[in-house]
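J.: have a look at this fold, sequence not included:
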């Protein structure tokens, strides 16, 4: 994450490209046509001011003004030179270039294709030592208007255009990846933070496509309202950004007053946006200017609120507070420069593409942060689940161990105490003459012995699993009606580890009980196989079976599976409806 953060911080430097200027002498001057009344026949009679190449010409808020530029170009070399006259604002409605008569027109209000994405450029050719004058008329209605111009070589502008297109494709691909990934996370978690990020990223992508000229000059050249689209999408984009940051900082919980300010400002901005559309339709230009000023004031409130929230959040969650400040301080600088320029307090601002760079910076930064948040939460939940499962397994193991101990204790109690007492009574009755009492006491003693062995046979204390199983199955066959149980062994040792013997004994009691009660089995076959390195134990019945894909293990089968895993064994169950069930257990012999 730190690497991604540092890359995003230096992202603007990665797209820097050097502009190569041709060896052409240029003298230029401009005149301002306040009501757009100049024509090509009378423009020379107007008052022109000298300007320098790359000098920013700021008209301010404009309704009807057009700008006329005269360029006197001279080739002082002894060879023909082809080069380009570049205008550094492709959001102008139209740029007409005249050479005695109009030779070319580009701009947002035209349907002409521009060869280079973000650069309204006119190709000019001057022969050796040739001088020539060109005239340009620039027009932009109902907005702030500024521009600059410069000369550039063909190779330079082509390289920049190719680099810009490659970078734009790379950026949009990265944004698309992050949008898809975070959309999936939103569908999984349902958290609004991820939804707002996706909305912000999609709007940013639209803004980038418009602001870089891709929408106008490559996708939809016949559409002539991209300037308005840029403003409206940019405004909505800012609203979503502010809302996203408020959710990111959890202002509703941590600082409710600031959260209310952001929500109120978002509502006001939305109202301004809707009213401005109506004013534009009915050509209420002064109303649009007033709304623009109000909107700028609203953005200042937005910015101040988010900065204050980010600073306060440093005490709550330092990392998130730093992320927000790192993200928003560049926006703050850019927006303040635009606002100061809009109010005529400065003539300098950051280029419009800086906002594109900042949006990409935000998307990459927060996209990876949110993905990291999700995986950290996922890993935390996994650890918590593992702890819960581990604790549950410990509890179940304690219950199972207690069950074995209690069975053993009860069996010992019945066998040792009650059995010895009855034996003593039988000895006392030997001197008497009542054979019926002797017979009943003898039967009672045998029954108690059988019950104690059924609870936990004594032979299991010595690991004699075969004897215990054979005895128990014999009792089942004598007392249970409707079910016959067969028991067979193949090279299975007479004695094994005591704990393993006790576990397997209880496991097969559970399997027999499941086959009888749940499977309705008439025949059950128990088989124990002994191999050199392993034991294989199998229980087969002819019960009603089940669909193993649509059944969940109950406590009994779950406890069986856990016991087998504790013995480092494997447990498998095969069953189909009406075809019975086969349970197989594989255990290592020497563990």
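T.: In hand now; what should we look at? Note that this is a predicted model, so its numbers are computed, not measured. Residues are numbered from 1 along each chain as shown.
J.: please enumerate the strands of the stretch 351-500 of the chain.
T.: Per DSSP state E, counting those that start in this stretch, the stretch 351-500 of the chain carries strands over the ranges 484-490.
J.: test my guess that residue 47 contacts residue 31.
T.: Yes: contact status for residue 47 versus residue 31: in contact at 6.0 Å, counting by C-beta atoms under 8 Å. Quick note: C-beta positions are derived from backbone N, CA and C, even for glycine.
J.: show me which of these two is the more surrounded one.
T.: A direct count of neighbours by other C-beta atoms under 10 Å for residue 47 and residue 31 places residue 31 higher, at 17 against 7.
J.: please, which helix or strand holds that one?
T.: In this structure, residue 31 sits in strand 24-33 according to DSSP states H and E.
J.: partner strands of the very next helix or strand once past that strand, parallel or antiparallel?
T.: Downstream of strand 24-33, the next assigned helix or strand under DSSP H and E is strand 49-51. Strand 49-51 has the following strand partners under DSSP bridges: strand 24-33 (antiparallel).
J.: quick one: contacts of the partner strand?
T.: Under the contact criterion C-beta atoms under 8 Å, 6 or more residues apart in numbering, strand 24-33 has outside partners 38, 43, 46-53, 57, 59, 65-76, 81, 83, 126, 149, 151.
J.: run through the residues that contact the residue lying closest to residue 573 once chain neighbours are set aside.
T.: Distances taken as C-beta to C-beta, 6 or more residues apart in numbering place residue 583 nearest to residue 573, at 5.2 Å, with adjacent residues excluded. Residue 583 sits next to 511, 538-540, 571-573 when contact means C-beta under 8 Å, 6+ apart.
J.: turn these into a markdown table, columns for secondary structure.
T.: Formatted as a markdown table, the contacts of residue 583 follow (DSSP: H, G, I helix; E, B strand; the rest coil):
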| residue | secondary structure |
| --- | --- |
| 511 | helix |
| 538 | strand |
| 539 | strand |
| 540 | strand |
| 571 | strand |
| 572 | strand |
| 573 | strand |
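J.: residue 169: which element?
T.: Following DSSP H and E, one finds residue 169 within helix 154-189.
J.: what distance do you get for residue 205 to residue 360?
T.: As judged by C-beta to C-beta, to the nearest Å, residue 205 and residue 360 stand 10 Å apart.
J.: what do the two both touch?
T.: Common neighbours of residue 205 and residue 360 (C-beta under 8 Å, 6+ apart) are residue 175.
J.: which SSE is residue 135 in?
T.: In the assignment (DSSP H and E), residue 135 maps to strand 131-139.
J.: that strand vs strand 24-33, what angle?
T.: If you take axes from the mean of the first three to the mean of the last three C-alpha atoms, to 10 degrees, strand 131-139 sits at 40 degrees to strand 24-33.
J.: now the element after strand 131-139, going C-ward?
T.: Where DSSP H and E defines the elements, the next helix or strand beyond strand 131-139 is strand 143-147.
J.: so what does that following strand touch, helix or strand wise?
T.: Packing partners of strand 143-147 (3 or more C-beta pairs under 8 Å, 6 or more residues apart in numbering; DSSP states H and E): strand 57-62, helix 318-342.
J.: comparing those, which yields the minimum mean pLDDT?
T.: Sorting those by mean pLDDT places helix 318-342 lowest, at a mean of 75.
J.: so it versus strand 143-147, what angle?
T.: Orientation check (the same axes, to 10 degrees): helix 318-342 against strand 143-147 gives 90 degrees.
J.: and helix 318-342, what other elements does it pack with?
T.: Against helix 318-342 (3+ C-beta pairs under 8 Å, 6+ apart) you get strand 143-147, helix 226-248, helix 285-313, helix 353-412.
J.: name all residues that make contact with the one residue sitting closest to the centre of the chain.
T.: Closest residue to the average C-alpha location of the chain: residue 182 at 3.0 Å, with C-alpha atoms, centre = their mean. Contacts for residue 182 (C-beta under 8 Å, 6+ apart) come out as 194, 197-198, 201, 367, 370-371.
J.: then residue 101?
T.: Residue 101 sits next to residue 40 when contact means C-beta under 8 Å, 6+ apart.
J.: separation between it and residue 264?
T.: Residue 101 sits 55 Å away from residue 264, going by C-beta to C-beta.
J.: before we move on, what about residue 356?
T.: Taking C-beta to C-beta as the measure, residue 356 falls 29 Å from residue 264.
J.: out of those two, which sits in the busier spot?
T.: Neighbour count, other C-beta under 10 Å: between residue 356 and residue 264, residue 356 has more, with 21 against 13.
J.: correct me, but that one touches residue 207?
T.: Yes: at 7.4 Å, residue 356 and residue 207 qualify as touching, with contact defined as C-beta under 8 Å.
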